[in-house]
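S.K.: quick one, what's the 3D model for this:
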Amino acid sequence: MRQIPNFVQSLQQLIASPSISSTQESWDQGNSDIINILATWFETLGFDINIQPVPGTRNKFNLLAKLGSGEGGLLLAGHSDTVPFDENRWQSDPLKVLSKEDKFYGLGTCDMKGFFAFILQACEHIKKQDLKKPLYILATADEETTMAGARYFSENQFVKPDAAIIGEPTNLVPVIMHKGHMSHRIKVQGKSGHSSTPEFGVNAIEIMSEVITALLQLKQTLSLNFQNESFDVPSPTLNLGAISGGDNANRICGQCALDLDMRALPGMADSELIQLLAECLAPLAEKYPGRITFDELHPSSPSFEQAKESELATLSEHVSGHQCCAVNYATEAPFIQQLGCQTIVMGPGSIAQAHQPNEFLAFSEITKTQHMLEKMINHYCY
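M.R.: Model (predicted):
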């Protein structure tokens with residue numbers, strides 16, 4: 001019988017298998033290597049393996065592993081990709097695990113390849129015949145960009161577990177609410193010309209300045225009219241992230257573009273924010289006919305909320321020793337929740353380490369995470 005690696009060995013193999021997701025094609029990588037590694041390990045443990053190509057991606061795949069039979073059960077989910085990195089800002093090789101000062105350093109140690117190393121060890125001694133309900137392991141593609149893997153999985157309704165745990169780094173604090181995320185690009189089409197004769201041109205930057213004024217008014221409106229005190233930033237947010245336009249100081253700017261993101265509170269539909277954005281820009285669109293447009297930059301991610309009174313939320317508080325909370329960032333939770341299961345976000349490591357140079361997973365997380373996984377598997381599958 002083939003042997004599975006121990007925790008450190010599995011973590012080393014996962015980190016050494018690069019699977020960067022990026023909107024820049026030069027950085028973007030496929031994830032087939034890490035999916036095949038996970039498939040081999042879980043197949044060795046007796047899981048049935050289903051590898052799914054994710055449409056619309058560059059050679060990306062989801063993995064669904066299943067142990068046991070019947071309805072319901074537990075889904076343990078995570079993403080197989082990482083963000084890009086700047087090697088010059090790392091004090092060690094990002095693709096090699098460095099054990100130092102009671103920490104494992106490496107790209108993806110906490111966000112979130114390390115979670116699969118924990119799952120592997122928790123599953124090592126499970127006997128299929130003892131399970132009353134199935135245990136599922138899901139590894140998705142492209143969470144760091146489009147969330148294409150989770151979208152595809154939820155749209156096809158491959159399984160319907162009783163509960164799902166997404167192991168994003170939360171310091172094992174159960175997260176039952178988070179904001180959504182959407183990003184748009186506003187374009188202004190002017191008319192270029194020589195700066196000495198402004199009457200013959202239309203300056204796109206000047207129009208964009210009016211757009212920005214309107215957006216800042218919308219930002220204030222959102223802050224005043226929508227509040228959820230569960231969040232440390234209690235209102236929806238609107239961020240002006242990037243702007244570009246023009247080509248020379250002595251030219252009338254012919255084009256200008258502004259990229260922004262908006263983060264909706266639970267209970268706010270994406271369509272509601274888009275409507276507010278459209279209404280904000282409508283007077284200027286009327287003032288400058290045909291010159292102002294806005295388009296989605298990336299598919300939006302909806303907000304997420306799991307009822308605090310649910311069995312999973314109550315159990316997660318008991319197992320973790322932490323109260324449920326809300327966070328400002330987005331995860332795959334709303335897509336997994338669409339399977340019809342109770343869903344929480346809870347995993348080892350700190351979100352403060354995610355997307356940072358010298359990302360690490362503390363040794364102190366190991367025993368606590370193994371305890372959490374064993375308790376959850378026992379509750380939902382035995």
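S.K.: could you pick out the longest helix of the protein?
M.R.: Assignment by DSSP state H gives helix 204-225 as the longest helix of the chain.
S.K.: right, and the helix or strand after that one?
M.R.: Downstream of helix 204-225, the first helix or strand assigned by DSSP states H and E is strand 237-245.
S.K.: direction included, what does that following strand pair up with?
M.R.: Sheet pairing of strand 237-245 (DSSP bridges) gives strand 255-263 (antiparallel).
S.K.: and the angle for the strand it pairs with with helix 204-225?
M.R.: 10 degrees (axes from the mean of the first three to the mean of the last three C-alpha atoms, to 10 degrees).
S.K.: contacts for strand 255-263 next, please.
M.R.: Residues from elsewhere that reach strand 255-263, judged by C-beta atoms under 8 Å, 6 or more residues apart in numbering: 179-190, 204-205, 207-208, 211-212, 215, 236-246, 273, 277, 297, 328, 330. C-betas here are computed from N, CA, C, even on glycine.
S.K.: could you pick out the buried ones from those?
M.R.: By neighbour count, with 16 or more other C-beta atoms under 10 Å, those hold 179-188, 190, 204-205, 207-208, 211, 215, 236-238, 245-246, 273, 277, 330 as buried.
S.K.: and stretch 89-107, end to end?
M.R.: Stretch 89-107 has an end-to-end distance of 12 Å (C-alpha to C-alpha, to the nearest Å).
S.K.: what about this protein, any weak spots by pLDDT?
M.R.: Applying pLDDT under 70 to the chain flags residues 1-2.
S.K.: and it, what are its domains?
M.R.: As assigned by automatic domain parsing, the chain contains the domains 7-177+303-381, 181-300.
S.K.: what's the most buried one of those?
M.R.: Most buried of those, by mean neighbour count (mean count of other C-beta atoms under 10 Å): domain 7-177+303-381, with a mean of 20.
S.K.: okay, how far is it across it, tip to tip?
M.R.: 23 Å.
S.K.: so Met376, which state does it fall into?
M.R.: helix (DSSP: H, G, I helix; E, B strand; the rest coil).
S.K.: so what's it up against?
M.R.: Here Met376 is in contact with 74, 76, 163, 165, 315-316, 319 (C-beta under 8 Å, 6+ apart).
S.K.: state the distance from it to Ile37.
M.R.: 24 Å (C-beta to C-beta, to the nearest Å).
S.K.: now His355
M.R.: From His355 to Ile37 the distance is 23 Å (C-beta to C-beta).
S.K.: same thing with Lys160?
M.R.: 27 Å.
S.K.: how about Glu71?
M.R.: For Glu71 relative to Ile37 (C-beta to C-beta), the value is 30 Å.
S.K.: for Val233, same thing?
M.R.: To Ile37, Val233 is 38 Å away according to C-beta to C-beta.
S.K.: one more: Ser230?
M.R.: Taken as C-beta to C-beta, the span from Ser230 to Ile37 is 38 Å.
S.K.: not counting sequence-adjacent ones, nearest residue to Asp295?
M.R.: Nearest residue to Asp295 in three dimensions, chain neighbours excluded: Arg185, at 5.7 Å (C-beta to C-beta, 6 or more residues apart in numbering).
S.K.: surely the one you found is in a strand?
M.R.: Yes. According to three-state DSSP, Arg185 belongs to a strand.
S.K.: so it sits against Leu277, correct?
M.R.: No. Using C-beta atoms under 8 Å, Arg185 is not in contact with Leu277, being 11.8 Å away.
S.K.: give the residues shared as contacts by the two.
M.R.: Shared contacts of Arg185 and Leu277, defined by C-beta under 8 Å, 6+ apart, are found at Phe294.
S.K.: residues contacting the closest residue to Pro161 other than its chain neighbours?
M.R.: Nearest in space to Pro161, with sequence neighbours left out and distances taken as C-beta to C-beta, 6+ apart, is Leu75 at 4.2 Å. If you count contacts by C-beta under 8 Å, 6+ apart, Leu75 has them with 136-138, 159, 161, 163-165, 336, 339, 341.
S.K.: go again using 10 Å as the cut-off
M.R.: By C-beta atoms under 10 Å, 6 or more residues apart in numbering, the contact list for Leu75 reads 64, 66, 134-138, 159-166, 336, 339, 341, 343, 380.
S.K.: follow-up on the earlier one: and the longest helix of the chain, how far out from the chain middle?
M.R.: What separates the centre of helix 204-225 from the centre of its chain is 28 Å, taken as C-alpha atoms, centre = their mean, to the nearest Å.
S.K.: which parts of the stretch 51-200 of the chain are helices?
M.R.: Here the stretch 51-200 of the chain has its helices, by DSSP state H, counting those that start in this stretch, at 114-123, 148-156.
S.K.: turn these into a markdown table, including distance to Gln91.
M.R.: A markdown table is the format used below for those (distance: least, C-beta to C-beta, whole Å):
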| stretch | distance to Gln91 |
| --- | --- |
| helix 114-123 | 19 |
| helix 148-156 | 31 |
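S.K.: to Gly30, which of those lies closest?
M.R.: helix 148-156 (12.3 Å; C-beta to C-beta).
S.K.: by contact count, what packs against that closest one?
M.R.: strand 48-53, strand 61-67, strand 74-79, strand 135-140, strand 292-301, helix 333-337 (3 or more C-beta pairs under 10 Å, 6 or more residues apart in numbering; DSSP states H and E).
S.K.: need these in a markdown table (columns: distance to Asp28).
M.R.: Listed next are the helices and strands packed on helix 148-156 as a markdown table, based on distance: least, C-beta to C-beta, whole Å:
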| stretch | distance to Asp28 |
| --- | --- |
| strand 48-53 | 16 |
| strand 61-67 | 14 |
| strand 74-79 | 14 |
| strand 135-140 | 16 |
| strand 292-301 | 14 |
| helix 333-337 | 21 |
